[in-house]
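Chemist: Pasted the sequence and its predicted model underneath.
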Amino acid sequence: MAAITAQVRRDRISGGPMLPVRDASVVHQMKVYRPRYQEGYRTSAIVERYGFPEPVDVDFVIPAYNEQDQLESSVKKLGAYLSGTADEHGAIIADGVPSNFSWKIVIADNASTDGTWVIASELSERYPDHVRSIRINRKGRGFALKTAWGESKARAVAYMDVDLSTGLEHIDSLILPILAGIADIAIGSRLMVQSDIRRSFKREAISRSYNFLLHAYSGARFHDAQCGFKAMSAASAEELLPRIVDDEWFFDTELLLLAQSEGKRLEEVPVRWVEDSGTTVHIVDTALKDLKGMRRMKRTLHASYADMLRDRATYYQARAQRAFRGSLVPLAAIQAA
């Protein structure tokens, strides 16, 4: 590990848009915090951290597994855009406008074996007002989001893939409806007519096929389940996260199907999206796991619906019996009428 750390420190990316830096004397005094007491799924997997949750408007979570090559540049690009010092492409600008909501970038390192945690901790040390990091002892994007979102104190929680494939200019369209109370969940969609997508034919075909199956088999009423650009209110996160079973890539789909079944207000945002040629996602393996997840969710939602109907029938039957107890008119005759 020491060799990896030394190599990462030598090979660090430099330059590009920068975030405001806290005074060096304060940065020097920062410590690594390790939770002493573990409470539930929210903190039990966190083995190391820089910084603690704060009551901001939005926590932007970036799950990262072995992402030492692009983590620093992506965090700086996102932070500079939110601070108003760079445009959506990362170019430095002099007349930018900062976001009109408070925010924090949360790096969720889920069991990386390279220098990802070294970079995450250094970013948190250098930009403590804007970046914090947690190190999780398990793999899985879904598990990383459950953990980071579960401990958040923000009004809204969001996430985006570390490659920032989705255009940053869509952040306001994603976040503001939630902060305004217009939507419970907002998602980026690559399959809407207005979207501008650049990706290989293979990924396009697989994505459209998966979403077709999701609509036909699971009754989904949203366009794109797997775009790495989502946000939801803190209240919705508190309600839905404990019910999500999947800890990997099906997490997104399960979240949206649960939200749909609960009648949550969903905002879809057409996005500009450019495929990352260096992606580590195994498309076929992910697709097979997603199909298994769809079968499980169909059984789960069907069982939940059946339970709801039984509970409703029991309620109305008990209500009718209470209402007509002691009546001279037979209950069966009233129910038949």
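Modeler: That came through fine. Numbers count the residues shown, from 1 in each chain.
Chemist: can you give me the strands in the protein?
Modeler: Using DSSP state E, the strands of the chain run over 46-50, 58-64, 103-110, 131-136, 156-160, 185-189, 196-198, 229-233, 266-270, 272-274.
Chemist: Next, format those strands as JSON lines and append distance to Leu241, mean neighbour count and mean pLDDT.
Modeler: In this view, the C-beta of every residue, glycine as well, is placed from N, C-alpha and C. Converted to JSON lines, those look like this (distance: least, Cβ to Cβ, whole Å; neighbours: other Cβ atoms under 10 Å; pLDDT from 0 to 100):
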{"stretch": "strand 46-50", "distance to Leu241": "15", "mean neighbour count": "19", "mean pLDDT": "95"}
{"stretch": "strand 58-64", "distance to Leu241": "12", "mean neighbour count": "25", "mean pLDDT": "98"}
{"stretch": "strand 103-110", "distance to Leu241": "14", "mean neighbour count": "25", "mean pLDDT": "98"}
{"stretch": "strand 131-136", "distance to Leu241": "15", "mean neighbour count": "26", "mean pLDDT": "98"}
{"stretch": "strand 156-160", "distance to Leu241": "9", "mean neighbour count": "25", "mean pLDDT": "98"}
{"stretch": "strand 185-189", "distance to Leu241": "12", "mean neighbour count": "25", "mean pLDDT": "97"}
{"stretch": "strand 196-198", "distance to Leu241": "29", "mean neighbour count": "14", "mean pLDDT": "93"}
{"stretch": "strand 229-233", "distance to Leu241": "9", "mean neighbour count": "25", "mean pLDDT": "98"}
{"stretch": "strand 266-270", "distance to Leu241": "17", "mean neighbour count": "20", "mean pLDDT": "97"}
{"stretch": "strand 272-274", "distance to Leu241": "26", "mean neighbour count": "18", "mean pLDDT": "95"}
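Chemist: and Glu267, what are its bridge partners?
Modeler: Going by DSSP bridges, Glu267 is paired in beta bridges with Ala186.
Chemist: Mind picking out the helix or strand in the protein with the poorest mean pLDDT?
Modeler: Sorting the helices and strands of the chain by mean pLDDT, DSSP states H and E puts helix 24-29 at the bottom, at a mean of 38.
Chemist: show me where pLDDT drops low in the stretch 1-150 of the chain?
Modeler: 1-43 (pLDDT under 70).
Chemist: For Gly84, find the nearest of the strands of the chain.
Modeler: Ranking the strands of the chain by proximity to Gly84 (Cβ to Cβ) places strand 103-110 first, at 11.9 Å.
Chemist: Measure how the closest one sits relative to strand 156-160, angle-wise.
Modeler: Interaxial angle, strand 103-110 versus strand 156-160 (axes from the mean of the first three to the mean of the last three Cα atoms, to 10 degrees): 60 degrees.
Chemist: Identify the residues contacting strand 103-110?
Modeler: With contact meaning Cβ atoms under 8 Å, 6 or more residues apart in numbering, strand 103-110 is reached by 54, 56-65, 71, 75, 78-79, 82, 116-117, 120, 123-124, 130-136, 138-141, 143-145, 147-148, 152, 154.
Chemist: For the residue nearest to Glu67 when sequence neighbours are not counted, what are phi and psi?
Modeler: Take Glu67 and drop its neighbours on the chain: the residue closest to it by Cβ to Cβ, 6 or more residues apart in numbering is Val162, 4.9 Å away. Phi and psi for Val162, reported as degrees, to the nearest 10, are phi -60, psi -20.
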